[in-house]
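> Turn this into a structure:
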Amino acid sequence: MFHEIISDKVHLDVHVVDPSKDFPFYTLVTSGMSDLPMAVPEGEEEARYAELCVLLPSTWQMPETGARLRTMTTTGPSAG
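Here you go, the predicted model:
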């Protein structure tokens with residue numbers, strides 16, 4: 001998991017599910033983004049609270065856990 005340690009808006013984590021033989025993708029899922037509403041186009045108000053899910057091929061070079069933590073704390077989201 002990429003675990004955000006410092007945030008002035010919301011606490012955001014990115015959960016990583018490793019690939020398997022049956023599903024050869026890394027699955028990255030956010031938790032925390034939906035704590036606050038996002039700006040959305042008119043008529044899409046129901047989508048103001050959302051999380052993200054990203055699939056990456058199993059060949060993707062994922063950082064080790066320690067590097068994941070450092071990456072998230074140094075380049076974490078910027079809610080502006």
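
> mind listing what's buried in the helix or strand harbouring residue 27?
Residue 27 is part of strand 25-31 when elements are defined by DSSP states H and E. For strand 25-31, the neighbour count (16 or more other CB atoms under 10 Å) marks 25, 26, 28, 30 as buried. Heads up, the C-betas are built off the backbone N, CA and C, glycines and all.

> For residue 13, which non-adjacent residue is spatially closest?
Ranked by CB to CB, 6 or more residues apart in numbering and with sequence neighbours excluded, the top spatial neighbour of residue 13 is residue 31, at 5.0 Å.

> The protein: strands as residue ranges?
For the chain, applying DSSP state E gives strands covering 2-3, 13-17, 25-31, 53-57.

> and the closest residue to residue 55 other than its chain neighbours, how far is that from residue 51?
Take residue 55 and drop its neighbours on the chain: the residue closest to it by CB to CB, 6+ apart is residue 25, 4.4 Å away. Remark: distance between residue 25 and residue 51 (CB to CB, to the nearest Å) = 17 Å.

> quick one: low-confidence ranges for the chain?
Residue ranges of the chain with pLDDT under 70: 1-7, 65-80.

> the helices in this structure, which residues?
For the chain, helices defined by DSSP state H occupy the ranges 65-75.

> Show residues contacting stretch 29-44.
4, 9-15, 17, 47-54, 77, 79 (CB atoms under 8 Å, 6 or more residues apart in numbering).

> Could you list the alpha-carbon positions for that stretch in PDB?
Provided in PDB are the C-alpha atoms of stretch 29-44 (Å, rounded to 0.1, in the frame of the first residue of the first chain):
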ATOM      1  CA  VAL A  29      -7.300   1.300  -5.700                       C
ATOM      2  CA  THR A  30      -7.500   4.600  -3.900                       C
ATOM      3  CA  SER A  31      -9.200   5.100  -0.600                       C
ATOM      4  CA  GLY A  32      -9.800   8.600   0.900                       C
ATOM      5  CA  MET A  33     -10.400  10.600  -2.300                       C
ATOM      6  CA  SER A  34     -14.200  10.400  -1.700                       C
ATOM      7  CA  ASP A  35     -14.000  12.100   1.700                       C
ATOM      8  CA  LEU A  36     -14.400  15.400   0.000                       C
ATOM      9  CA  PRO A  37     -16.400  16.400  -3.100                       C
ATOM     10  CA  MET A  38     -14.500  17.000  -6.400                       C
ATOM     11  CA  ALA A  39     -15.400  19.700  -9.000                       C
ATOM     12  CA  VAL A  40     -17.400  18.000 -11.700                       C
ATOM     13  CA  PRO A  41     -19.100  19.200 -14.900                       C
ATOM     14  CA  GLU A  42     -22.700  20.400 -14.600                       C
ATOM     15  CA  GLY A  43     -25.100  17.400 -14.600                       C
ATOM     16  CA  GLU A  44     -22.500  15.000 -13.100                       C
END
